[in-house]
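Visitor: Could you look at this predicted model? Sequence included:
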Amino acid sequence: MSKFGKAIAAFCEKHGFLGKCALVAENVVKKPVFGCQDCGQCVLSYDAFTCPMRCPKQIRNGPCGGTRADGHCEVYPDRRCVWWLIYERSRKLGRTAKLRKYHIPVDRRFEHTSAWLNVFAGKILPMDLSRDYDDPDWDQPRKPKEADGQPVGEAK
Amino acid sequence: MKQGEFVVCGEMGPPQGADKAAILRKCGYFRGVVDAVNLTDNQTAIVRMSSVMSSVFALEGGVEPIMQMTCRDRNRLAQQSDILGAYAAGVQNILCLTGDYQSFGSNPDAKGVFDLDSVQLIHSVADMNDGKLLSGEDMKVPPRMFIGGAANPFAEPFELRIIRLGKKIHAGARFIQTQPVFDFPRFDRWIQAVRDEGYDERVFIIVGVMPVKSAKALEYMLDSVPGMSIADEYIQRMKSAADPKEEGVAICVETIKRLKETPGVKGVHIMPVLWESITPRIVEEAGLLPRPIISGPSDPASAACNRSNPRHQVDCPGTPAPDLTDRPGTPAPDVACNPTAEVAP
């Protein structure tokens, strides 16, 4: 599959028109349904199929501290806080464990490209439809990357 | 600084002007009274002197700065370069925030950056501490920032807040500062959840308190600061008080005393908005003086070097840049630290 997917992605990249078609097809589905912001690195499967990029601050590891008591956005009081929605839906779908996933910074180069093709090409994480999220290090102190024996950011 | 002692942090808003003297003057309120002072980064999106330079000036003024950094004004390049510069100048604490949205501030017409979010910023700084830039490139002389994050115990959804706190800790935060407490039932629920997850043992939870001057200020906060929760009791007390300022101080002192008894709370963060001069009185009345000596307050130069962790002395300004390969694996308490004469005013 991955080889096949990569071949498809490479083919679409070579023929720019096909890539655009894939993007249009993706937008036709995602824009009306999820309010897709075209970031090209979809995390919908982790956030109960609610796009966090709709947040005014585009927080992917949300929410910010300003959610109003009624669950509305601090910036646009007439809108629901996106992260509130994500939480509500995660709870209903039994996917709250997925909210623990740390999302890496957005790669701005992927904006306005097809996330589907990016998955095929292996550039971004594929969808994960399971309800569980397992990070074995979750309860562990952050591990230093260097093996110089020196703990990093140690408390004073 | 944090060897089991109850920590006291202050907060200082940099001036709206190129006024270094104002910072040095305000440092006088904090010196010897608090363990560290937060320098806000364009708080509420209103333009002020940069938190990086203010932190450097605070060092000159003899107080330990906690540099706040928001994601609103800088992209990942600027954030990393500012962190490197600040650390080189002796700033060793950073509080990573997402930042208030620009529409609340003095420049609602500005473009917000929000390139990273606060969790990603914490992660990036922790990576930098490990010697890696965000690009994956190695640094020969990495910073050793003491990283903090923020938490709001009063905002909903509650469970998601705890998850996000866990994310921040997981990303590398070592201390957490919270919004000011004016609502103990909700705070107690939050700190209970924090204890249940064991987070209070993994990070220093430093809880915000705020002295207010009037009932109006409380009502204003309740109405216009999203995510704040204030118990009616306090508003009533402020309204019926003969001297609201005194009452505000009394409430603040009471809150600190109660927090000190709360398990899991490792310190308080006193954040008087534009009322920094009250900090010494509050600390004294709360019975938190004298502060444990961590550096000679009269000698800002040595304060920049001797702060707390002996390991930091290796990296402190004024000493030759250490080579990564011969950095000692264990703390070296007797490493000499040159007085940084060029830092002193």
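Guide: Cool, the structure landed. Numbers count the residues shown, from 1 in each chain, chains lettered A, B, ... in the order given.
Visitor: Could you report the neighbour count for the closest residue to chain A within the stretch 1-150 of chain B?
Guide: Proximity of the stretch 1-150 of chain B to chain A (CB to the nearest CB) peaks at B:Val119, 3.7 Å away. The way it works is simple: take the backbone N, C-alpha and C, and place the C-beta from them, glycine included. By other CB atoms under 10 Å in any protein chain shown, the residues close to B:Val119 number 25.
Visitor: Report the central residue of chain A.
Guide: With distances taken as CA atoms, centre = their mean, the residue of chain A nearest its centroid is A:Val43 (2.4 Å).
Visitor: That one against A:Arg60, yeah?
Guide: Yes - assessed by CB atoms under 8 Å, A:Val43 is found in contact with A:Arg60 at 6.5 Å.
Visitor: can you map out the helices along chain A?
Guide: A:2-14, A:16-34, A:82-93, A:115-120 (DSSP state H).
Visitor: and these, which is most packed in?
Guide: Highest mean neighbour count among the helices of chain A (mean count of other CB atoms under 10 Å in any protein chain shown): helix A:115-120, with a mean of 22.
Visitor: what's the helix or strand for B:Gly166?
Guide: Taking DSSP states H and E as the criterion, B:Gly166 maps to helix B:158-171.
Visitor: Would you mark the buried spots in that helix?
Guide: Using 16 or more other CB atoms under 10 Å in any protein chain shown as the test for burial, helix B:158-171 gives B:Leu160, B:Arg161, B:Ile162, B:Ile163, B:Arg164, B:Leu165, B:Gly166, B:Lys167, B:Lys168, B:Ile169, B:His170, B:Ala171.
Visitor: Run through the residues that contact the nearest residue to B:Gly13 once chain neighbours are set aside.
Guide: Nearest residue to B:Gly13, sequence neighbours excluded (CB to CB, 6 or more residues apart in numbering or on different chains): B:Thr40, at 5.3 Å. Going by CB atoms under 8 Å, 6 or more residues apart in numbering or on different chains, B:Thr40 touches B:Glu11, B:Met12, B:Gly13, B:Pro14, B:Arg48, B:Ser51, B:Gln68.
Visitor: B:Met49 now?
Guide: By CB under 8 Å, 6+ apart, the contact list for B:Met49 reads B:Pro14, B:Pro15, B:Gln16, B:Gly17, B:Ala18, B:Asp19, B:Ile23.
Visitor: Please report the number of neighbouring residues for the nearest residue to B:Leu97 once chain neighbours are set aside.
Guide: The spatially closest residue to B:Leu97, leaving aside those adjacent along the chain, is B:Thr70, at 4.8 Å (CB to CB, 6+ apart). Neighbours of B:Thr70 under the rule other CB under 10 Å: 24.
Visitor: can you check B:Asn107 too?
Guide: Using other CB under 10 Å, B:Asn107 has 12 other residues around it.
Visitor: Select the helix or strand of chain A having the lowest average pLDDT value.
Guide: Within chain A, no helix or strand scores below helix A:2-14, which has a mean of 85 by mean pLDDT, DSSP states H and E.
Visitor: beta partners of the most centrally placed residue in chain B?
Guide: The centre of chain B sits closest to B:Asn38, judged by CA atoms, centre = their mean, with a distance of 4.1 Å. Note on B:Asn38: beta-bridge partners by DSSP bridges are B:Glu11, B:Ile66.
Visitor: can you pull the contacts of it?
Guide: B:Asn38 touches B:Cys9, B:Gly10, B:Glu11, B:Met12, B:Pro65, B:Ile66, B:Gln68, B:Leu95, B:Gln177, B:His269, B:Met271, counting by CB under 8 Å, 6+ apart.
Visitor: would JSON lines of the residues you listed with distance to B:Asp196 and pLDDT be doable?
Guide: Output for the contacts of B:Asn38, formatted as JSON lines (distance: CB to CB, whole Å; pLDDT from 0 to 100):
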{"residue": "B:Cys9", "distance to B:Asp196": "25", "pLDDT": "95"}
{"residue": "B:Gly10", "distance to B:Asp196": "30", "pLDDT": "95"}
{"residue": "B:Glu11", "distance to B:Asp196": "29", "pLDDT": "95"}
{"residue": "B:Met12", "distance to B:Asp196": "34", "pLDDT": "93"}
{"residue": "B:Pro65", "distance to B:Asp196": "33", "pLDDT": "96"}
{"residue": "B:Ile66", "distance to B:Asp196": "28", "pLDDT": "96"}
{"residue": "B:Gln68", "distance to B:Asp196": "29", "pLDDT": "96"}
{"residue": "B:Leu95", "distance to B:Asp196": "25", "pLDDT": "97"}
{"residue": "B:Gln177", "distance to B:Asp196": "21", "pLDDT": "96"}
{"residue": "B:His269", "distance to B:Asp196": "23", "pLDDT": "96"}
{"residue": "B:Met271", "distance to B:Asp196": "27", "pLDDT": "92"}
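Visitor: what helix or strand is B:Arg281 on?
Guide: Taking DSSP H and E as the criterion, B:Arg281 maps to helix B:279-285.
Visitor: pretty sure B:Val47 is in contact with B:Gln102, am I right?
Guide: No - between B:Val47 and B:Gln102 there is no contact under CB under 8 Å: 10.6 Å.
Visitor: Would you mind listing what in the stretch 151-300 of chain B touches chain A?
Guide: B:151-152, B:155-157, B:159-161, B:163-164, B:166-167, B:170-172, B:174, B:179, B:198, B:202, B:204, B:226-227, B:229 (CB under 8 Å from any CB of the partner chain).
Visitor: same thing but 7 Å
Guide: B:152, B:155-157, B:159-160, B:163-164, B:166-167, B:170-172, B:174, B:179, B:202, B:226-227 (CB under 7 Å from any CB of the partner chain).
Visitor: Same list (the contacts of B:Thr40) but as TSV, adding neighbour count and distance to A:Cys39.
Guide: TSV is the format used below for the contacts of B:Thr40 (neighbours: other CB atoms under 10 Å in any protein chain shown; distance: CB to CB, whole Å):
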residue	neighbour count	distance to A:Cys39
B:Glu11	24	35
B:Met12	28	37
B:Gly13	24	35
B:Pro14	25	34
B:Arg48	18	32
B:Ser51	30	29
B:Gln68	25	27
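Visitor: Pick the one among the residues you listed closest to A:Val75.
Guide: The nearest member of those to A:Val75, counting by CB to CB, is B:Gln68 at 20.2 Å.
Visitor: hang on, the earlier thing: contacting residues around the residue nearest to B:Leu97?
Guide: Taking CB atoms under 7 Å, 6 or more residues apart in numbering or on different chains, we find B:Thr70 in contact with B:Asp41, B:Asn42, B:Leu97, B:Thr98, B:Gly99.
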